[in-house]
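**Q** Got a predicted structure plus its sequence, pasted below:
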Amino acid sequence: MHKLKPRAHFALFVIFGFLLFLVGNRVDELRVYQGASIAVFVIAISSLILLTGYSGQVSLGHGALMAIGAYSATLARNEFQVPIILTFFIAVLAAAFGGALLGAAAARLSGPYLAGTTLALAIGLPSLANQFSILGGEQGLLFDVGWPPLGLGEDFTQYKWFFWIAALAALISTWLLSNILSSRYGRNWRAGRSNEVAAQICGINTGRSKILAFTISAGIAGLAGALLSMTIGTVSPSAFPLALSFALLTGAVLSGVSTLSGVMIGAVILVAIPEIADVVAHRIGSSENITTNLPGFIISALLILTVLFVPNGPVEQHRARAAKKLAKKAEK
Amino acid sequence: MQLLNTILIGITAGSIYSLMAIAFVLVWRSTRVINFAQAGMALLSTYFGYEAVTRIGSFWLALPIAMLGGAIFSALVEVILMRVLVKHSSSGPIAAVAPIIATLGLLGLIRSVIAMIWGGQDLRIPPPVSNNGFTVNGEVLVFSPLKLLILITTFILMALLTILFQRTNLGLSLRASAYAPEIARLSGVRVDLTRTLGWALAGAAGAVAGVFQTVNGNGNFSPDSIEFSLLLVSGFIAAVIGGLDSLLGAVIGGLFLGLVISFVLIYLNGGLFFIAPFVVLLLVLFIRPQGIIGAKAGRRA
Amino acid sequence: MTLNVSHLSVHHGAIQAINSLSLAIPTGALAAVIGSNGAGKTSLLRAISGLNKASHGKISWMGESILGDKPEILVRKGISHVSEGKSVIPELTVKENLELGAIWRRDKKEMIETLALVVSIFPRLGERLAQRADTLSGGERQMLAIGRSLMSKPKLLLLDEPSLGLAPLVVEQIFQTIRDLTTSMRLTVVLVEQNAMGALRIADLGIVLNLGKVVAVDHAQALIDDPAVRAAYLGY
Ligand SMILES: Nc1ncnc2c1ncn2[C@@H]1O[C@H](COP(=O)(O)OP(=O)(O)OP(=O)(O)O)[C@@H](O)[C@H]1O
Ligand SMILES: [Mg+2]
């Protein structure tokens, strides 16, 4: 496996984006919408991979961080008529700020304590929306990014517009992330994850390094949150349930938390699961109870099975197997 | 009068959190895992209790049935899931978080299976005695015969648990396996079996917590009951306050948390019931990271 | 020969700690196993008591193969292992630590009798029964560890460096106790020691390990007199 240079990386992303453009023009509205969802999940999952895989922390609160991004973007838009593009930056900043606070707490915690704390946050934060009337209570707030610019043509639909914004954001954030991860910070995180004491001896400030990881991860999650509410059109507590945090975790584990390269796998699976569940439910001609709960069932089952049998994710697994084969060949 | 109300409500709710915290502590001690699926198991046991109540009609028969169901289910989880987990993912980047992720997955799995079987609508366990408050000096308290009964039952169960742990061979095996599994094995304790037993006890404690949390509310419950999210968060926080390793700590942590929440809800704002425990958790973690009862091992473990 | 080990190999991952080792220890003997750090002494004891898996070889006890048996089973067959370091549970009281040793025996009356016996051997433990074990001194902890082991009424006692970290006077005392117990309770003892001289003085049989193999077996006194052993392990 050779490493790609950043510039080659960027070129790859541009080509990939162009392909997406071609595809986006040929498929129907539902697929375009799903494409937008995949882009949102790519962003959200990669933020979690950064945190879990590279800095060894588990967050069950990423749904809550997404909510912070979504609400602040919406408030900026509705209360101050901020231009759309700026609302996304505001989402990133607000969530990053929340992430920094959480990270400061997290730096002192490990494993189960951190997981429990972020879990409490994920359960507790949405209930705040009912406390402040400016947040719109259970119904939430409308979030409208407006119609696509006329220059894009008559048949350029709203969903296509969502897709474009989300895909562009995904490309940029993935590119940024992969650069950060291959930088000094990425190395520090990995060092801290595998052996905190050794990393400290090498002069890495593991506490600060963890907070930084949390901040960046939260900022990216905030972006995903704003984009999610863009595609839904509203922001409300019910858009960020605990199940969302779980789904993200499943996506991250399915992608393999130790590398960004599998992130599409998790995102595609998360978006595909409801549809697969639908087909399955149809096949077995099941009751409504089963149909509505099958997606959640599949997500949870996948999470458990992956942790049990492919704990490092399919990409890493494949890489390890290939390396073993190579080593065997070399031996001969 | 309001002060008395606040205290009594707090202690009742707190005793339920204590039971849940005990469940967390029992599992933590036997396997060094925070079982986030504990709330799911409590919910499942509550459904067992519901089935028993509707069939038999007696709350006091249904409670032990729920406990037994919870204990068996919990033991199965330990044998089927946790043992495999220890074997398969003991190394690699997520080894440290694999058990956390697995119990979360289990939480989701239990919830969706319950919803498949019983549906998403509210079911009801009627309280065994009246939930209308006592009248003192012509004033009606919120504290009711039901709450009194919950309080008495939880304290009896805790006393039984204490006797089990302090006075019996089984309790000695459980403690020895928790503190020093290798020495326990060399002394002839079947540590694997003991571990499973620890999970079973946790399942039973969680079952009582689930049933009581339900009847202490309005008696209604569903797969998405907010009461169970609260139970999960509060039980975990109470266990952390108590230092995660101590049963006594779990009891004190639960009562303390119950009182704090009760005071905040009644004197500050009734909508803060999720935020209050969260703030308590952060305060505890910042001020006394080793818990109020002070476990020796740090949280960085 | 009650304890028979033949061609035993033990691996820790890629490291081979025991390399096709064979030895035999007769009933009622006190065998001292000495050797430098990393020679494989602890690995040998742990393989006998079932804590470590052997990768190859045989172990038998009173004619019966015990290879692959778990420690909790072997205790029931009379094999008791006091592991390296102060092998007590600090969170439990002295009495609970002792009771733990007899926990697999359901007979409460027998347990109480054995407890009385152990307390008569180690009176200092008797005075501290209600104390938590972490309040004991190093020597008392070592007594407690041995006491817990005796509570199971063992026939084969495996002791891993009981003198570790103790003052010379206390070491002397512990060694003497081990010698007395071997005779009075008709135990077979495998005593692993860094304090080679002290161990050989009380032992019937001396076994020298190096790099996972037995390099010398003889009467303990003969080993003390052997110039090569003196130079390498006794330091004079
Ligand atoms: N759990 C383990 N994992 C890896 N290697 C081990 C393990 N236990 C022992 N070893 C290795 O096996 C070899 C023998 O170790 P062992 O503990 O049996 O030696 P010892 O004779 O008891 O030494 P000491 O006198 O220092 O206690 C050593 O090289 C040691 O590093
Ligand atoms: Mg040793």
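**A** Good, I have the coordinates. Ligands and ions are numbered 1, 2, ... in the order given.

**Q** how far away is the residue in the stretch 51-200 of chain B positioned nearest to chain C from residue A:70?
**A** Here the residue of the stretch 51-200 of chain B nearest chain C is residue B:188; by CB to the nearest CB that distance is 3.4 Å. All C-beta spots, glycine's among them, are computed from the backbone N, C-alpha and C. Applying CB to CB, to the nearest Å, the value for residue B:188 to residue A:70 is 58 Å.

**Q** can you give me the strands in the stretch 1-150 of chain A?
**A** A:141-142 (DSSP state E, counting those that start in this stretch).

**Q** where in it is pLDDT low?
**A** A:1-27, A:29, A:54-55, A:110-111, A:145, A:147-150 (pLDDT under 70).

**Q** Equivalent analysis for chain B, please.
**A** Residue ranges of chain B with pLDDT under 70: B:89-94, B:288-301.

**Q** mind listing the helices for the chain?
**A** I went with chain A, as the question did not name one. Listed in chain order, the helices of chain A (DSSP state H) span residues A:6-24, A:29-49, A:55, A:62-80, A:84-106, A:111-128, A:158-181, A:184-194, A:196-201, A:206-232, A:242-255, A:263-283, A:288-309, A:313-331.

**Q** nope, chain B
**A** Ranges of helices in chain B, per DSSP H, are B:2-31, B:38-56, B:59-77, B:83-88, B:98-118, B:145-167, B:169-179, B:181-186, B:191-216, B:226-241, B:247-263, B:275-287.

**Q** how about the residue nearest the centre of chain C, secondary structure?
**A** Of all residues in chain C, the one closest to the mean position by CA atoms, centre = their mean is residue C:159, 1.4 Å from it. With DSSP: H, G, I helix; E, B strand; the rest coil as the basis, residue C:159 sits in strand.

**Q** Let me know whether it touches residue C:150 as I believe.
**A** No. Under the criterion of CB atoms under 8 Å, residue C:159 makes no contact with residue C:150, lying 11.3 Å away.

**Q** Quick check on the nearest residue to residue A:234 once chain neighbours are set aside: phi, psi?
**A** Spatial nearest neighbour of residue A:234, excluding adjacent residues (CB to CB, 6 or more residues apart in numbering or on different chains): residue A:140 at 5.0 Å. Recorded main-chain torsions at residue A:140 are phi 80, psi -160, according to degrees, to the nearest 10.

**Q** low-confidence ranges in chain C?
**A** Low-confidence segments of chain C (pLDDT under 70): C:1, C:235-236.

**Q** tell me which parts of the stretch 151-300 of chain A are close to chain B?
**A** Within the stretch 151-300 of chain A, the positions adjacent to chain B are A:193, A:196, A:242-243, A:246, A:249-250, A:253, A:257-258, A:289-290, A:292-294, A:296-297, A:299-300 by CB under 8 Å from any CB of the partner chain.

**Q** one more time with 10 Å, if that's ok
**A** Within the stretch 151-300 of chain A, the positions near chain B by CB under 10 Å from any CB of the partner chain are A:190, A:193-194, A:196, A:241-243, A:245-247, A:249-250, A:252-253, A:256-259, A:286-300.

**Q** Residue in the stretch 201-332 of chain A with the shortest distance to chain C?
**A** residue A:327 (14.6 Å).

**Q** Where is the longest helix in chain C?
**A** Chain C, longest helix under DSSP H: helix C:168-184.

**Q** now that one: how far from the chain's centre is it?
**A** 13 Å (CA atoms, centre = their mean, to the nearest Å).

**Q** If you count contacts, what does the next helix or strand after that helix end up packed against?
**A** Where DSSP states H and E defines the elements, the next helix or strand beyond helix C:168-184 is strand C:188-192. Packing partners of strand C:188-192 (3 or more CB pairs under 10 Å, 6 or more residues apart in numbering or on different chains; DSSP states H and E): strand C:15-25, strand C:30-34, helix C:41-48, strand C:79-82, strand C:156-160, helix C:168-184, helix C:196-202, strand C:205-210.

**Q** Lovely, talk soon.
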